[in-house]
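Undergrad: next one to model:
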Amino acid sequence: MVPRTCVRPWYAALVVLAFVALALGAQPGGGAPDAEGGPQRRHVRTSALVEEFAQRAIHAIVEKLDLSDTFAAAQKEAEQGHAGRGCDLCKDVAWAVQQFLLANATEAKMGDWFTDLCLHIQVGPPVVCRGLIDEYRSMFLGGLIHRLVEPSAVCSLVGLCPHAAQPALRPLQFPKPKPSPSEIARRFPHTLYNSTGEHRIRLVHITDAHIDYGYQEGANANCGPAPLLCCRKNNPAPLQPTQFRAAGTWGDYNCDFAPDMYESMLEFIRTSPETAPDMVIFGGDITSHNDWNETQAVKLATARHFYGTLAKYFPSTPVVPVIGNHEGMPIDSFPLPPRLNWLFGGLSDQFSAWLPPDALREFQYAGFYTMMWQNRLRVITINNNYWNNLNMWILVNATDPAGQFQWLIHTLQEAEDSGTPVLFLGHIPPGDSDGIISCSEKLYSIITRYSHVIVAQLYGHTHHDEFEVFYDEEKEPVSVALVSPSMTTYTDLNPEFRVLELDAQTFELLDVRNYLANISEANARGAPEWRLAYSAREAYKMKNMSPTAWNGVADRMANDQATLDFFNLARHAFVPHGRSCTGDCKLQSVCKARSASVSRLLDCSRGHWDSGDLMDWIVSSLAEE
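TA: Numbering: from 1, shown residues only. So this is what the prediction gives:
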């Protein structure tokens, strides 16, 4: 994941314009409806006239918007449900771009125009703008042009206009009702949380590596604002000598994961008696944040190098890979099968050492799969990158992309019928605001229906140590999503990994421990010192690892400042920020802990909705067609 603080302002500005280019719609304000009730298509002018008009209109309007003070003020108005000056200006932009598209401009010409706009609003230097537009234009312009979106809806994407209400979703249908509590207790003893802990197995969860094989010790670690990636050989020279900071041997808080630190982490995991694993899980996101300068070949070469190193350190330990949103090309781009054969097929040879044939075939189809471990634990790995609100390909099938929901229900029902516990893995947490609301709600329904089958849910993506509690219709906690911290240091993070201990017989979750290495200390000492950051059971004084116990942690975060401040420190990989978590920090922290779906997160932190709401509205509408 690219941290939102770095990506959303500039990325949303480009997305709204690119997405409008897909929309054949009305002029500012929505226009008059046609006989079918949809937006009225306007007369198409000649290409030259429209291009000249669009160029001048966009530049003039963007200058008026000022993408700083006006942008922030318009977002505030939109949050309060008002359509102010920023909303009107955005709809002017929307109409202008629509007219540009209706002039039948070529994809190459549109790319040149967006590159010019990217430079005009100062997204980044030319190399960044050209790279981003070249990578993303096919996703925005390819195969999606038939979808109609009005300018007022499009402008919700960047928060300049109020967002529309969500249409009601049809409930999922399950093959069988949930078993009775007594039947669950008899067939799934891990739900009793009464293990003595005498015999344990150990799982290691590493995620969000964002490894930078272009990292260079001594390069400038202070090369400029995001999205430019620092600590690389060809970074631009600083304007002032005082702006230069040399990248350390083991990494920097402003740069992606150093390869030497990756090997140091794996060596510690492999040799330390308290971390040596029975299973290694990688939660996705391999490549660095050098997003504007990647190709499919670079993605695959980086992935093979990364997984090859993992196999070198754990030649006889099962490895379970999860696909992250950065594995797409470009990032967040996950078209429906078979358009990702280059990725899934390209990794199959390497994964064949870890996945049995049936699981490998499932992975090759769409990046999700299931397999048995030791004939007693079922592992389910989902590919919920299809449901990312920046994956425009979901508009092709908003109901059940790649048939994954039905596959998931079928697989969990088989596990319930056979009394087999399940380890549930994904990349994007179910309640993260990067998710599509309709898809997030479906996953929430599936998890709560089969919560008793699942011994643990593990995710990554946010780069932060977090958790999300699921509740049933009676508002009782029934499951919890554990979100692991990132390996990468980008930005202002110490590299971490997570160890989970389970009962060797019932697979009851017994404890969650995080380990880290302090980057500043490693560079000063000349070597990393990996150490225990904390045990969740000890730090939060939990009786067990049940959903009820995690719900108790969320309650204490809401009512005890010391608990909240510790959670926030752990969330930021124990890099001190020098302030107590109050106000909006408290609201967001507690809301995230109590919200395992996007809609619940939005309801809890009302007034803080994310730009993904537009995609949610579109996808929900399409899903109900």
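Undergrad: let me see the ranges of the strands in the stretch 201-350 of the chain.
TA: 279-282, 319-321 (DSSP state E, counting those that start in this stretch).
Undergrad: between those, which gets nearest to V396?
TA: Closest to V396 of those is strand 319-321 (CB to CB; 25.5 Å). Placement of C-beta: from N, CA and C, glycine included.
Undergrad: picking that back up, reformat the strands of the stretch 201-350 of the chain as a markdown table; add mean pLDDT and distance to L509.
TA: Listed next are those as a markdown table, based on pLDDT from 0 to 100; distance: least, CB to CB, whole Å:
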| stretch | mean pLDDT | distance to L509 |
| --- | --- | --- |
| strand 279-282 | 98 | 14 |
| strand 319-321 | 98 | 16 |
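Undergrad: distance to P273 added to those strands, as CSV?
TA: Formatted as CSV, those follow (distance: least, CB to CB, whole Å):
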stretch, distance to P273
strand 279-282, 16
strand 319-321, 20
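Undergrad: and for the residue lying closest to L408 once chain neighbours are set aside, the neighbour number?
TA: Closest residue in space to L408, ignoring its immediate chain neighbours: I446 at 5.8 Å, by CB to CB, 6 or more residues apart in numbering. By other CB atoms under 10 Å, the residues close to I446 number 18.
Undergrad: can you tell me the SS state at R186?
TA: helix (DSSP: H, G, I helix; E, B strand; the rest coil).
Undergrad: quick one, what contacts Y253?
TA: Listed by CB atoms under 8 Å, 6 or more residues apart in numbering, the contact partners of Y253 are T489, T491, D492, L493, I519, S520, V575.
Undergrad: out of the strands of the stretch 201-350 of the chain, which gets nearest to V455?
TA: Per CB to CB, nearest to V455 of the strands of the stretch 201-350 of the chain: strand 279-282, 12.6 Å.
Undergrad: contacts for that closest one, please.
TA: Under CB under 8 Å, 6+ apart, the answer for strand 279-282 is 201-207, 209, 269, 307, 310, 314, 317-322, 373, 425, 458.
Undergrad: give the burial count for the nearest residue to S599 once chain neighbours are set aside, as a bare number.
TA: Leaving aside its sequence neighbours, S599 sits nearest to I437 (CB to CB, 6+ apart; 5.2 Å). I437 is flanked by 25 other residues according to other CB under 10 Å.
Undergrad: again, but for P357
TA: Quick note: P357 (other CB under 10 Å) scores 9 neighbours.
Undergrad: same question for Q406.
TA: 12.
Undergrad: surely it meets Q413?
TA: No - look at Q406 against Q413 with CB atoms under 8 Å: they stay out of range, at 10.6 Å.
Undergrad: point out where the stretch 101-250 of the chain drops to low pLDDT.
TA: The stretch 101-250 of the chain contains residues with pLDDT under 70 at 101-111, 113-114, 117-118, 120-124, 127, 131-160, 162-169, 225-228, 238-241.
Undergrad: run through the helices of it in chain order.
TA: 107-120, 126-141, 151-154, 181-187 (DSSP state H, counting those that start in this stretch).
Undergrad: if you skip the residues just before and after it, what's nearest to A353?
TA: In space, A353 is closest to A311, 6.9 Å off (CB to CB, 6+ apart).
Undergrad: contact partners for the nearest residue to I428 once chain neighbours are set aside?
TA: Nearest residue to I428, sequence neighbours excluded (CB to CB, 6+ apart): H461, at 4.7 Å. Applying CB under 8 Å, 6+ apart to H461 gives the contacts 1, 207-208, 283-285, 324-325, 427-429, 432, 434, 483.
Undergrad: distance of H461 relative to P236?
TA: 30 Å (CB to CB, to the nearest Å).
Undergrad: got it, and M557?
TA: 42 Å.
Undergrad: check W407 too.
TA: From W407 to P236 the distance is 47 Å (CB to CB).
Undergrad: more crowded one of the two?
TA: W407 (19 against 12).
Undergrad: give me phi/psi at the nearest residue to M545 once chain neighbours are set aside?
TA: What sits nearest to M545 in space, not counting adjacent residues and going by CB to CB, 6+ apart, is L509, at 4.2 Å. Main-chain dihedrals, L509, degrees, to the nearest 10: phi -70, psi 120.
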